[in-house]
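Enquirer: no sequence on this one, just coordinates:
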C-alpha cells in the first residue's frame with residue numbers, strides 16, 4: 001500500500017518518515033531488566049551491605065521480602081552459599097531500597113512495629129514459628145530456649161528450638177541473638193559465634209557479664225517485694241527493681257511458692273528453667 005496515498009487532501013504529513021523517526025527513538029532494554037523482573041517475583045535476589053554492631057553484613061531481598069542476612073566477607077562466597085541454599089542467584093547492589101533500609105533500621109533500633117517482610121520459603125512450619133516468636137523479644141532483653149518452646153505450644157521441644165535458631169537465615173533482623181541457653185549462659189550464635197552475640201547484646205544495652213554472673217549463681221528470676229511480681233532477669237520491669245527490693249529466685253516454682261506471680265510481659269512461668 002502506498003502510505004503517502006493515504007494522506008488527507010492538502011496534507012503534507014509523511015507517514016513513512018514519522019515511522020522512521022519513531023524507530024530512531026527506540027532504546028535497548030537495560031541489561032539488568034531480566035534479573036530485575038525475576039527479583040520482583042521472587043525468582044532471584046539482590047543484596048547489599050549494611051552496617052551493624054559487628055561490622056558490615058550482607059542483606060539479600062526480593063519481591064517477597066528479606067531472604068538472607070550473612071556475615072561472609074566475600075561476595076563470591078556469599079553468592080555461592082546463597083545459591084546452594086535457595087537455588088536462586090543473587091546480584092550485588094550499591095545499597096538497599098530506601099524504604100527497606102528505613103524499615104530494617106527501625107527494627108534494629110528496637111521498633112517492633114516496623115514491618116520488614118521476610119521470605120522464609122523452604123523452611124518448616126516449626127522453624128517459622130520459632131523465628132517469628134523470636135521477633136517478639138524486645139531489644140536489650142533475652143529469653144531462654146524454653147520460653148520460645150512454651151510460647152509456641154511445644155514445651156518439650158527445647159532442643160529443637162535451639163536447632164531452628166541455629167538455622168535462622170535472617171539473623172539480627174530475626175533476633176536469635178536474644179535467645180539464650182536454659183542454664184542462663186549466652187550460648188552459640190549463627191552470625192559469627194558467641195563473641196558476636198555478646199557484642200550485639202551489649203550494643204542493645206544488655207550487660208552480658210552481669211547476666212551470666214546471675215546464671216552462674218543459679219539465679220534465674222528476679223522479683224520485687226513491693227509488686228510481688230517475678231520476672232526474667234533482663235525484663236525491663238526487672239531492671240526497674242531497686243536493690244533494696246530485689247528478691248532473687250532459682251525457679252519459677254520457688255517464686256510462686258513464696259507468693260509471687262509471673263510478670264505478664266516477659267511471661268517467665270513457662271520457660272522450662274529448673275532450679276540450679
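Expert: Noted; the coordinates are in hand. Values in this document were obtained by computation on a predicted structure and should not be read as measured data.
Enquirer: check contacts around residue 132.
Expert: Counting by CB atoms under 8 Å, 6 or more residues apart in numbering, residue 132 makes contact with residue 174. To be clear about C-beta, it is placed using only N, CA and C from the backbone, and glycine gets the same treatment.
Enquirer: name the SS class of it, please.
Expert: State at residue 132, reduced to three classes by DSSP: H, G, I helix; E, B strand; the rest coil: helix.
Enquirer: next, count neighbours for residue 115.
Expert: If you count neighbours by other CB atoms under 10 Å, residue 115 ends up with 9.
Enquirer: ok, it touching residue 102?
Expert: No: applying CB atoms under 8 Å as the test, residue 115 and residue 102 come out as separate, 10.7 Å apart.
Enquirer: assess the claim that residue 130 and residue 165 are in contact.
Expert: Yes: judged on CB under 8 Å, residue 130 makes contact with residue 165 at a distance of 6.4 Å.
Enquirer: any idea how far residue 93 lies from residue 105?
Expert: For residue 93, the distance to residue 105 equals 17 Å [CB to CB, to the nearest Å].
Enquirer: no wait, residue 258
Expert: Taking CB to CB, one finds residue 258 at 43 Å from residue 105.
Enquirer: which residues in the stretch 1-150 of the chain form strands?
Expert: For the stretch 1-150 of the chain, strands defined by DSSP state E, counting those that start in this stretch occupy the ranges 45-50, 57-62, 65-70, 90-92, 143-144.
Enquirer: as CSV, the ones you listed with distance to residue 182, mean neighbour count and mean pLDDT would be great.
Expert: Below are the strands of the stretch 1-150 of the chain laid out as CSV (distance: least, CB to CB, whole Å; neighbours: other CB atoms under 10 Å; pLDDT from 0 to 100):
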stretch, distance to residue 182, mean neighbour count, mean pLDDT
strand 45-50, 32, 20, 98
strand 57-62, 28, 23, 98
strand 65-70, 25, 22, 98
strand 90-92, 36, 19, 97
strand 143-144, 5, 24, 96
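Enquirer: show me where the stretch 151-276 of the chain has its strands.
Expert: Using DSSP E, counting those that start in this stretch, strands in the stretch 151-276 of the chain cover 179-180, 221-224, 229-231, 246-249, 261-262.
Enquirer: looking at the ones you listed, which is buried most?
Expert: strand 229-231 (a mean of 26; mean count of other CB atoms under 10 Å).
Enquirer: and residue 34, what's its pLDDT?
Expert: What the model reports as pLDDT for residue 34 is 88.
Enquirer: tell me how many other residues crowd it.
Expert: Other residues near residue 34 come to 11 when the count uses other CB under 10 Å.
Enquirer: how about residue 164?
Expert: Residues within reach of residue 164, counting by other CB under 10 Å, total 24.
Enquirer: that one and residue 133 touch, don't they?
Expert: No: Residue 164 is beyond contact range of residue 133, at 10.0 Å (criterion: CB under 8 Å).
Enquirer: tell me how far residue 111 lies from residue 136.
Expert: Distance, residue 111 to residue 136, by CB to CB: 13 Å.
Enquirer: try residue 35
Expert: To residue 136, residue 35 is 35 Å away according to CB to CB.
Enquirer: which of these two has more residues huddled nearby?
Expert: Using other CB under 10 Å as the criterion, residue 35 and residue 136 rank with residue 35 on top: 17 against 12.
Enquirer: residues contacting the more buried one?
Expert: Residues in contact with residue 35 (CB under 8 Å, 6+ apart) are 44, 89, 91.
Enquirer: same question, residue 107
Expert: Counting by CB under 8 Å, 6+ apart, residue 107 makes contact with 114, 116, 173.
Enquirer: make sure the second one is actually in contact with residue 66.
Expert: Yes: with contacts counted by CB under 8 Å, residue 116 reaches residue 66, the gap being 6.0 Å.
Enquirer: shared neighbours of these two, which are they?
Expert: Counting by CB under 8 Å, 6+ apart, the shared contacts of residue 116 and residue 66 are 100, 104, 173.
Enquirer: ok, back up a step: more crowded one of residue 130 and residue 165?
Expert: For residue 130 versus residue 165, neighbours defined as other CB under 10 Å are more numerous around residue 130 (29 against 25).
Enquirer: alright, calling it a day.
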